[in-house]
Structure formats: C-alpha cells, structure tokens
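Peer 1: here is my input; please provide its structure:
(one chain, ligands or ions: 1)
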Amino acid sequence: MIKNFNVKRVLQGRLYKGEEIVSSIVKFLKEKSITSGLISGIGAVTRVKIGYYEQREKKYISHEFNEPMEILSLKGNVSIKDGEPFPHIHIVLSKEDFSCIGGHLYEAEVFAFEFEVIELDGISFERDFDEDTGLFLWKS
Ligand code: ZN
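Peer 2: Have a look, this model is predicted:
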C-alpha cells in the first residue's frame, strides 16, 4: 500500500533542557494540526525509555536508561490514531563508551534537542489494530 504526498511545509525547532520529547512533539502536532508527516532530530538526553517489540509474544519489552547519551538518530512518522495526530518514533543513542542502544521511543528527557517536522499534504494514514502483528498499523 503506497500513497502519494507532497511536502506542505517544513518546521524546525528545539526543546529545552528537562523537556520530554514525545509529549512535546504530540503537543506541537496538535497545536499545528499536523496529521501527516516525517519527524527527525538530533541532540542529547539525560534519560530515556525505549521499547522492543517481542514478535512471538506480541508485546513490547521496555527499558529505561538513566544516563547521559547522544541522540545519533531520531526518526518517525505522523499519522492518525483514535482521531488524533500520532507520532511513531524510533531512536538510536550512543553511550559514553560509544556503544549504541535503540528502540521504539516512549519518552526521553532532553539535555539538548533540535528537530524537524516535515508536514505532508494529502489524506493521512490512520492506525488500526492489526491481528497478524498485534500492532496498530496503517489501514488500507
Ligand atoms: Zn515503533
């Protein structure tokens, strides 16, 4: 399933030390009425909660890391879930010893963060429960 979109506008911003990334992005999307788009960002965090989807059990395993880390890559998309703008975000982080961790982003406390949201023009994807995976995926 593929849809065509055009870029409507590109928004860039930053968050401040102590702010939480996912809730701040949700608030930003609602304020700007963005229901379709791409998210990216770089920066550093002091704490993060990420998830790994265990495919056999069909459930997320989550883990919290309380240490300073660099955001090497934060990437996501925006669609609609339950009638609201919904960001789905993944993140790759590096630790002090340069080892990396990553996963589905639940929350992250900012040390510094710069991000972009590319708003797309067109009919947004909507999320719906998918029996095969146990996930809320884009419905056709
Ligand atoms: Zn995910």
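Peer 1: state the pLDDT value of the residue nearest to the spatial centre of the chain.
Peer 2: Using C-alpha atoms, centre = their mean, the residue of the chain that lies closest to the mean C-alpha position is residue 89, 1.8 Å off. What the model reports for residue 89 is a pLDDT of 98.
Peer 1: that one contacts residue 24, correct?
Peer 2: No: Residue 89 is beyond contact range of residue 24, at 11.4 Å (criterion: C-beta atoms under 8 Å). Just so you know, the C-beta spots here come from the backbone N, C-alpha and C atoms, and that holds for glycine as well.
Peer 1: what strand or helix carries the nearest residue in space to residue 111 that is not next to it in sequence?
Peer 2: Closest residue to residue 111 apart from its sequence neighbours, by C-beta to C-beta, 6 or more residues apart in numbering: residue 44 at 4.0 Å. Residue 44 belongs to strand 37-54 when assigned by DSSP states H and E.
Peer 1: and the next helix or strand past that strand?
Peer 2: Next element after strand 37-54 (DSSP H and E): strand 59-65.
Peer 1: is residue 71 in contact with residue 89, as I believe?
Peer 2: No: with contact defined as C-beta under 8 Å, residue 71 does not reach residue 89; the gap is 10.9 Å.
Peer 1: where along the chain do the helices fall?
Peer 2: 21-31 (DSSP state H).
Peer 1: picking that back up, partners of the residue nearest to residue 111 in the sheet?
Peer 2: residue 70, residue 112 (DSSP bridges).
Peer 1: I figured it hits residue 67, correct?
Peer 2: No: if you go by C-beta under 8 Å, residue 44 and residue 67 don't touch, sitting 10.9 Å apart.
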